[in-house]
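Asker: Could you look at this predicted model? Sequence included:
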Amino acid sequence: MTTTEQSEFRTGYAALVGEPNVGKSTLLNAILGQKISIVTDKPQTTRHKIAGIVSGTQSQIVFLDTPGIIKPAYLLQEVMMQFAASAIDDADVILLLVDAEKIKHGGFTEQTDTLEKVSVHKKPTFLVINKIDTVEKGDVLDMIAHLHTIYPFDEVYPISALKNYGTRELVAGIVKRLPVHPPLYPEDIASEAPEKFFVGEIIREKIFKRYSAEIPYSTTVDIIEFKERSTKKHFISADIYVERQSQKGILIGKEGRALRALGGDARKEIETFLGHEVFLELHVKVREQWREQSQWLKRLGY
């Protein structure tokens, strides 16, 4: 890269914030062109601040996917909100995602907490109206006109993350707001998190998809062993923690069938992600009230 090119290169952070289930993780995956954030139809699937890196010839954007903004009910959720707050602190550009269908039915009033967190930073803030494929074009134009009267957003982008519509324009808009700075990461990496982290997230995603009620929210995954083997299957051993003995029984199922099905689903996606065959070993353990214990949250990577 020449000196002239370096002086024009722009790099910075873009925080994806908003309520649960507005499509933040789907948008990140769409922009990256690969899946790094787990996605389910259940709220609060994302628990960490996850960095996704998009490198171009003259720019590098580090997207920060965050947990949905909620009022915390227990310590884990407080930590999740700290992740969201730190992403806003780190950001050069803030992307507030909203659900077009919910906005159509008057749902923007629920964004008060998020707007308060965003407004104190005085940073470029884009309103990203997602899921516009679920409403009429006229409704989108009405939303844009109305929402501009509520908050002075720097720019508004109607998109469909699921259909990857409008994302190119959004990325171009972000780049214009980034500071001139050389890249922070090599151009061939999509995230700074290790493979071990994503393996745990894949297993957790399958739990969210296969189980209902309180099971997904009372569960976390700890990767105990991750052995890469060039001539044999990689060996991965994971502990799945739940809060009650009854939850352990549900996860395992009769004669272990439910756990085997979960492991089979996870193993297939892990193999696709790693590009290598995997032997996956899962163990379910009970740790009462782990979501309320700071030492366990730190041990488990929160």
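Answerer: Everything's here; your move. Numbers count the residues shown, from 1 in each chain.
Asker: Next, the distance between the ends of stretch 126-136.
Answerer: Taking CA to CA, to the nearest Å, the span from the opening residue of stretch 126-136 to its closing residue is 21 Å.
Asker: Equivalent analysis for stretch 267-285, please.
Answerer: Using CA to CA, the span of stretch 267-285 from its first residue to its last is 20 Å.
Asker: what about the spatially closest residue to residue 165 that is not a sequence neighbour, distance to residue 100?
Answerer: Counting by CB to CB, 6 or more residues apart in numbering, residue 165 lies nearest to residue 159, which is 6.0 Å off, once chain neighbours are set aside. The C-beta positions use only the backbone N, C-alpha and C, and glycine is treated the same way. Relative to residue 100, residue 159 is positioned 9 Å away (criterion: CB to CB, to the nearest Å).
Asker: anything in contact with each of those two?
Answerer: Taking CB atoms under 8 Å, 6 or more residues apart in numbering as the criterion, residue 159 and residue 100 both touch 129-130, 132.
Asker: show me where this structure has helices.
Answerer: Counting by DSSP state H, residue ranges of the helices within the chain are 3-8, 24-32, 75-90, 100-104, 112-119, 137-148, 167-177, 195-210, 245-252, 257-274, 294-299.
Asker: relative orientation of the longest one and helix 195-210 in degrees?
Answerer: Translated: helix 257-274. The directions of helix 257-274 and helix 195-210 differ by 140 degrees, with axes from the mean of the first three to the mean of the last three CA atoms, to 10 degrees as the criterion.
Asker: ok, of the shared contacts of residue 159 and residue 100, which one's closest to residue 251?
Answerer: Taking CB to CB as the measure, residue 251 sits nearest to residue 130 out of the shared contacts of residue 159 and residue 100, at 32.4 Å.
Asker: burial count for that closest one?
Answerer: Burial measure for residue 130: 26 neighbouring residues, criterion other CB atoms under 10 Å.
Asker: Which pLDDT value belongs to the closest residue to it other than its chain neighbours?
Answerer: What sits nearest to residue 130 in space, not counting adjacent residues and going by CB to CB, 6+ apart, is residue 23, at 4.4 Å. We note a pLDDT of 95 for residue 23 in this prediction.
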